[in-house]
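>>> Take a look and give me a structure for this.
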Amino acid sequence: MDKKKIKKFWNKYKLPIIIVVLLGVFVVLSTLIGDKIEKDEVDDWIEETKKEQYVVTLLSQTTCSHCTQFKPVVNEVVQEYGDNFMFKIFEIDTITNIAVRNKLIYAYDIKFEGTPHLFVTYDGKLLGEFEDVERTKENLVEFLRSKGVIK
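Numbering: from 1, shown residues only. Just a heads-up that it's a prediction; the model follows:
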């Protein structure tokens, strides 16, 4: 191609080319930054679970109907009793890095068979997993009491 054709092509398509390049840069950067945020968030959570404090963790999914029904119950319990423990929720279907997701799920060798999955840790130890099918506020409070989270 000669210079005139290149210049004509550039003048005609420079805006679409610039947009495509910027979108490509945005996608690459958001993926890199997203993985860093996910990794940092999971690493911070693991450090918190190693302290002498109760940590209640909920693994959920944005597309799970059981999760959608259970989250208001959990939020109500957190509002009422949250001073006694740290609460963390992870929407595992939004974690794009599979290694980070697996690190989260298998950090405490939980019996993860799906969502919602709530469990309690203290001082680096798994105290229990909430396996109630009904997932009522009363049952969740009783579970947390049985683990010493709520007095």
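>>> From the chain's centroid, how far away is the host helix or strand of residue 48?
Applying DSSP states H and E as the criterion places residue 48 in helix 3-49. Relative to its parent chain, helix 3-49 has a centroid offset of 23 Å by C-alpha atoms, centre = their mean, to the nearest Å.
>>> Show me the contact partners of the next helix or strand after that helix.
With elements assigned by DSSP H and E, the helix or strand that comes after helix 3-49 is strand 54-60. For strand 54-60, the surrounding residues in contact (C-beta atoms under 8 Å, 6 or more residues apart in numbering) are 45, 48-49, 67, 70-71, 74, 78, 84-92, 104-105, 112, 115-122, 127, 144, 147-149. C-betas here are computed from N, CA, C, even on glycine.
>>> Tell me which entries of those lie within strands.
86-91, 117-122, 127 (DSSP state E).
>>> Specify the beta-bridge partners of the most centrally placed residue in the chain.
Most central in the chain under C-alpha atoms, centre = their mean is residue 90, positioned 2.6 Å from the mean C-alpha point. With DSSP bridges as the criterion, residue 90 is bridged to residue 59.
>>> How about the contacts made by it?
Residue 90 touches 41-42, 45, 57-60, 104, counting by C-beta under 8 Å, 6+ apart.
>>> Now that we have these, can you turn them into TSV and tack on neighbour count, distance to residue 19 and pLDDT?
Shown next, in TSV, are the contacts of residue 90 (neighbours: other C-beta atoms under 10 Å; distance: C-beta to C-beta, whole Å; pLDDT from 0 to 100):
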residue	neighbour count	distance to residue 19	pLDDT
41	15	32	92
42	22	34	94
45	19	38	95
57	23	41	97
58	21	40	97
59	23	38	95
60	22	36	95
104	24	36	91
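>>> Skip the chain neighbours and tell me the closest residue to residue 126.
residue 108 (4.2 Å; C-beta to C-beta, 6 or more residues apart in numbering).
>>> That neighbour and residue 128 touch, don't they?
No - here residue 108 lies out of contact with residue 128, judged by C-beta atoms under 8 Å, at a distance of 10.6 Å.
>>> between the two, what contacts are shared?
With C-beta under 8 Å, 6+ apart, residue 108 and residue 128 have common neighbours residue 119.
>>> hmm, back to that, identify, from the contacts of residue 90, the entry nearest to residue 138.
Taking C-beta to C-beta as the measure, residue 138 sits nearest to residue 58 out of the contacts of residue 90, at 17.5 Å.
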